[in-house]
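[1] Here you go, sequence then predicted model.
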Amino acid sequence: MNRAHDIYAETNPAYCAAVLAQFCASHNEHRGRAPALAVAYLVLPIVLSEDLAETFDKCVKSTGLLVWLDRSPRIRVGLSGRVNATLPVSTEAIRFGCIAGLLRLEGEGAIASSHRKLPAAVSSGVAGPALKRARLLGSWFAEAGSARAVMEAMGVSV
């Protein structure tokens, strides 16, 4: 029973939308524009994966995407399967985020955060580590440049 509850909690559209909003806000802060919608689909399977959480240990914004991937090559292993398995979760989170005003779709296939501040109970609670990982990914993806560069670095294709 607890396991099913935990899975539901981690795939809750509101929670996942908040994670994506943090990713988008960080990307925009570092690049000056919203990330491509396609790369947003990489966020949840990485950020919410407890077996990948340790790969973020001792990482900071300046670590960068390629250094992070070089330190932990297992990130790429099975990533396309993870992304495919979480497509419905990510899509529902994006829908919820747009309806709730946390996210908005922009021209040229971009997804942006509305820059709403999350309540302290959310950002400093159990969700804190996942939100931090989302912010790191946002800055790293922004630094990498284009969506194509991110996808190639991650070893996935659309």
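    Arrived safely. Values in this document were obtained by computation on a predicted structure and should not be read as measured data. Numbers count the residues shown, from 1 in each chain.
[2] C-alpha from now on. contacts and neighbour counts both.
    Fine.
[3] remind me, longest helix of this protein?
    Once the chain is assigned using DSSP state H, the helix that runs over the most residues is helix 79-100.
[4] Check which element follows that one along the chain.
    strand 103-106 (DSSP states H and E).
[5] contacting residues around that next one?
    Identification of contacts with strand 103-106 by Cα atoms under 8 Å, 6 or more residues apart in numbering yields Ala17, Ala21, Ile94, Gly97, Cys98, Ile111, Ala112, Ser113, Ser114.
[6] Can you tell me the SS state at the second one?
    What it means is Ala21. The local conformation at Ala21, judged by DSSP: H, G, I helix; E, B strand; the rest coil, is helix.
[7] May I have the beta-bridge partners of the residue nearest to it when sequence neighbours are not counted?
    Leaving aside its sequence neighbours, Ala21 sits nearest to Ser113 (Cα to Cα, 6 or more residues apart in numbering; 4.9 Å). Beta bridges link Ser113 to Leu103, judged by DSSP bridges.
[8] Check the gap between Ser113 and Gly138 for me.
    Going from Ser113 to Gly138 by Cα to Cα, to the nearest Å gives 11 Å.
[9] For Val158, state which of the contacts of strand 103-106 is nearest.
    Ile111 (16.6 Å; Cα to Cα).
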